[in-house]
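**Student:** with the input below, show me the fold.
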Amino acid sequence: MILETERLILRPWREDDASELFELAKDDRVGPAAGWKPHKSVSESAEIIRTVLSEPITFAVCLKDTGKLAGSLGIMLGSDGNRRIGAEEAEIGYWIGVPYWGQGLIPEAVREAIRYAFTDLNFKTLRCGYFDGNEKSKRVQEKCGFKYDRTDRVFVSQIGEYRTEHMSKLTREEWQAMQSFVIRPERKEDEAEVENLVRESFWNVYRPGCSEHYVIHVLREDPAFVKELDFVMELGGRIIGQNMFMRTVIEGDDGRTVPVLTMGPICIANEYKRMGYGKKILDYSLEKAAAMGFGAVLFEGNIKFYGKSGFQYARNFGIRYHDLPEGEDDSFFLCRELKPGCLGGVTGVYQTPAGYYVDDKDVEAFDKNFPPKQKLKLPGQLFD
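**Tutor:** Residues are numbered from 1 along each chain as shown. So this is what the prediction gives:
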């Protein structure tokens, strides 16, 4: 059995994987977090493949573009050792090599394993566990919809000691509910709900309080607003996400004015963040923008998230941010061509639509329409 995701192939282990496995598994930063000792030799890795990883629902996690081994994922039967595939409960275990940390590959693999376990293997409940201090694994499980269930004190034979393991659970019904989202155009009657969603999502993130809920209120009436690209995401009848686009331009160094799009605010409700919904509404709305004939989107965001949807640093296209002094960090400024090659030969300065610049006094007045919230100055905020 081979499973595929956007960036990964999950396939059965082979004995000739031993050398690659050893190179990943010898790193002492991987083993303790995953509950086993780092491998000491290629022969040890080969023995593990033969005795453990060759189980029928244990996969080598490989990069799709190069075939290189990145980690391992297993769907283990429930605590009753006599259970067969098709029993009600299983546990998903995984690890990924240090060179691939922070790229979102394990959540991608786990989501595919969840789908396979619920639809092909007919499990009703899946569990995951992480040991004390392994915050990376905790975040993986939260991203994939698992919810904390219990804490166990367990003896881990591979490392010969007791560890505190935090267990989380996901049922097939919960997973099915997560799949049943709808993305549709925003309607007039949605506006207040969307503004509150944006307020809750951005509150105290970039500054004490936020202005994004007022920004979206103002932009809907801006001539540059693209009404056909104003979307909300519903889950179970509740709006949990939104995205919108504005027309803008690049002032070309050769005197041309090149029309492009910018994007946002874009957000997902706090309790549904890091579960894949943001990428779904982003990819959907970019597809619709391309279908309308727009050539490119320029945007201020984090490459670690938006890079998964095809964004690159705008500097790679020769595009500069309009009010950024030369030499300043421009890693926040991103670009994606919706029509490949449409920015070929274009260099110049991107112009942020004027509607994004709002007065703090107007924000304060607008915010009085919402329930009071405490403004906090927090580490990492960009503005006072």
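**Student:** what is the distance between stretch 43-59 and the centre of its chain?
**Tutor:** Relative to its chain's centre, stretch 43-59 lies at 30 Å (C-alpha atoms, centre = their mean, to the nearest Å).
**Student:** what's the answer for stretch 309-328, then?
**Tutor:** 23 Å.
**Student:** per-residue confidence averaged over it?
**Tutor:** Per-region confidence: stretch 309-328 scores 93 on mean pLDDT.
**Student:** now swap in stretch 170-189 and tell me
**Tutor:** On average, stretch 170-189 scores 91.
**Student:** list of residues touching that stretch?
**Tutor:** 114, 118, 123-128, 144-147, 194, 228, 230-236, 240, 242, 244, 275, 277, 280-281, 284-285 (C-beta atoms under 8 Å, 6 or more residues apart in numbering). C-betas here are computed from N, CA, C, even on glycine.
**Student:** so which of those belong to helices?
**Tutor:** Counting by DSSP state H, the members of those that fall within helices are 114, 118, 194, 277, 280-281, 284-285.
**Student:** between the residues you listed, which is closest to residue 98?
**Tutor:** For the ones in helices among the contacts of stretch 170-189, the residue nearest residue 98 by C-beta to C-beta is residue 114; the value is 24.4 Å.
**Student:** any weak-confidence spans in the stretch 101-250 of the chain?
**Tutor:** Residue ranges of the stretch 101-250 of the chain with pLDDT under 70: 156-159.
**Student:** try 80
**Tutor:** 102, 154-163, 236 (pLDDT under 80).
**Student:** turn the ones in helices among the contacts of stretch 170-189 into a markdown table, including neighbour count and distance to residue 92.
**Tutor:** Below are those laid out as a markdown table (neighbours: other C-beta atoms under 10 Å; distance: C-beta to C-beta, whole Å):
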| residue | neighbour count | distance to residue 92 |
| --- | --- | --- |
| 114 | 22 | 7 |
| 118 | 21 | 11 |
| 194 | 23 | 35 |
| 277 | 19 | 20 |
| 280 | 15 | 21 |
| 281 | 21 | 26 |
| 284 | 14 | 27 |
| 285 | 23 | 31 |
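**Student:** between which two of those is the distance greatest?
**Tutor:** Among the ones in helices among the contacts of stretch 170-189, 118 and 194 lie farthest apart (C-beta to C-beta), at 31.5 Å.
**Student:** quick check, residue 147 in contact with residue 167.
**Tutor:** No. Counting by C-beta atoms under 8 Å, residue 147 stays clear of residue 167, with 10.2 Å between them.
**Student:** looking at those two, which is more packed in?
**Tutor:** For residue 147 versus residue 167, neighbours defined as other C-beta atoms under 10 Å are more numerous around residue 167 (17 against 11).
**Student:** in the one helix or strand the more buried one maps to, what's buried?
**Tutor:** Under the criterion of DSSP states H and E, residue 167 resides in strand 161-171. Neighbour-count burial for strand 161-171, with 16 or more other C-beta atoms under 10 Å as criterion, is recorded at 163, 165-171.
**Student:** got it, and stretch 350-358?
**Tutor:** 350-351, 353, 355-356, 358.
**Student:** what do you get for stretch 140-160?
**Tutor:** Using 16+ other C-beta under 10 Å as the test for burial, stretch 140-160 gives 140-146.
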